[in-house]
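>>> Model the following, please.
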Amino acid sequence: MRRILSGLAIGFSLLSAPAAIAASCGNTSSGFEAWKVDFAKDAKKAGVKSKGLQALAQSRYATSTISADRNQKSFRYSLDKFMQIRGADVIVAQGRKRKAANPAFFAALEKQYGVPAGVLIAIHGMETGFGRFMGDSKVVSAIVTLAYDCRRSEFFIPHAIGALKLVDQGAITGNTLGAKHGELGHTQFLPGNALTYGVDGNGDGRVDFYNLTDSLASTANYLRQKGWKKGRGYQPGEPNFAVLQQWNAATVYQQAIAIMGARIDK
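Got it, this is the predicted structure:
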């Protein structure tokens, strides 16, 4: 599902990305292949290995990603209109059922990370309709295209490096599908965030964002690492609302998550 992207850049030190990238951006597909050759050198310096570099070489310019990036209309709606379009009432109703069906799971997440079930469930429902649609775009191609595109190249370069490192780790492949902006899994992590905040929630030895347990645990970990305070409020003006603002930069999205989360936990 389309979502506006957080303005928070991933720390270059965490991703081992160079401070300056030599490859030049472009606004059309014509320079993409040449840019990839240059970017591969920077990616290698940043620690990307052979599998990641191969995925970069095989990536394709994602025209649909560029179109989506230029056309994020839903975030211009009023809060009421946004919640109506995104199906807030359905998310709340289904979210309550999900919480009731597995209370121990959500209680364990809250005990470990301090994040209540309603917030995690609301994010899951908003992002992918509870996993029903996690995207139809190739993650690597999408994020590499955005790193090349001049509009927000600086923001997306660390996420492109992150995606290539996830390929090296075996967490994704060049064919893994996600959203138009390269977000992946049940809660649509950008690749750099996935690399930095992903946790193995089910204890199988790997982080899989297409596994619900790993994905929700990683989401809770992200929020905690961003400053979530256990037991404190998350409505506008309350301490944890600032953390929701870091998950997504759209005001209507932040408010919708806060409202739906409270309704699910009621």
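
>>> And the strands in the stretch 1-150 of the chain, which stretches?
For the stretch 1-150 of the chain, applying DSSP state E, counting those that start in this stretch gives strands covering 137-138.

>>> Run through the strands of the stretch 151-266 of the chain in chain order.
177-178.

>>> What number of residues are in the vicinity of the residue lying closest to Gly114 once chain neighbours are set aside?
Nearest residue to Gly114, sequence neighbours excluded (Cβ to Cβ, 6 or more residues apart in numbering): Lys230, at 3.0 Å. Every residue, glycine included, has its C-beta placed from N, CA and C. Lys230 has 12 neighbours, counted by other Cβ atoms under 10 Å.

>>> what pLDDT does Ser74 get?
Note for Ser74: predicted pLDDT of 60.

>>> same thing with Ala93?
According to the model, Ala93 scores 98 on pLDDT.

>>> residues near it, how many?
Residues near Ala93, counting by other Cβ under 10 Å: 14.

>>> What are the neighbouring residues in contact with the residue nearest to Gly114?
110, 114-115 (Cβ atoms under 8 Å, 6 or more residues apart in numbering).

>>> Out of the residues you listed, who's the most crowded?
That'd be Val115 among the contacts of Lys230, by other Cβ under 10 Å, with 25 neighbours.

>>> How about that one: what's its closest non-neighbour residue?
Ala220 (4.4 Å).

>>> And Ala55, by the same measure?
Nearest to Ala55 is Gly174, by Cβ to Cβ, 6+ apart, at 3.8 Å.

>>> How much space separates Thr196 from Asn221?
10 Å (Cβ to Cβ, to the nearest Å).

>>> Over to Leu164?
22 Å.

>>> gap between the closest residue to Leu177 other than its chain neighbours and Asn240?
Of all residues not flanking Leu177 in the chain, Gly135 sits nearest, at 5.4 Å (Cβ to Cβ, 6+ apart). Note on Gly135: its distance to Asn240, by Cβ to Cβ, is 28 Å.

>>> What residues does Arg76 make contact with?
Counted by Cβ under 8 Å, 6+ apart, Arg76 has zero contacts.

>>> In the stretch 51-200 of the chain, mark out all the helices, start to finish.
63-69, 79-85, 88-101, 103-113, 117-128, 139-148, 153-169, 191-197 (DSSP state H, counting those that start in this stretch).

>>> Reformat these as a markdown table; add distance to Lys266.
Shown next, in a markdown table, are the helices of the stretch 51-200 of the chain (distance: least, Cβ to Cβ, whole Å):
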| stretch | distance to Lys266 |
| --- | --- |
| helix 63-69 | 34 |
| helix 79-85 | 16 |
| helix 88-101 | 8 |
| helix 103-113 | 14 |
| helix 117-128 | 8 |
| helix 139-148 | 36 |
| helix 153-169 | 36 |
| helix 191-197 | 28 |
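
>>> For Ala250, find the nearest of these.
helix 79-85 (8.4 Å; Cβ to Cβ).

>>> Using PDB, write out the CA atom coordinates for the closest one.
Output of helix 79-85 as PDB, limited to C-alpha atoms (Å, rounded to 0.1, in the frame of the first residue of the first chain):
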ATOM      1  CA  LEU A  79      -8.500  13.000   8.500                       C
ATOM      2  CA  ASP A  80     -12.100  11.900   8.200                       C
ATOM      3  CA  LYS A  81     -11.800  11.300   4.400                       C
ATOM      4  CA  PHE A  82      -8.500   9.500   4.800                       C
ATOM      5  CA  MET A  83      -9.800   7.200   7.500                       C
ATOM      6  CA  GLN A  84     -12.900   6.500   5.300                       C
ATOM      7  CA  ILE A  85     -10.800   5.700   2.200                       C
END
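
>>> Quickly note the distance from the spatially closest residue to Asp265 that is not a sequence neighbour to Phe130.
Leaving aside its chain neighbours, Asp265 sits nearest to Gly118 (3.5 Å; criterion: Cβ to Cβ, 6+ apart). With distances taken as Cβ to Cβ, Gly118 is found 14 Å from Phe130.
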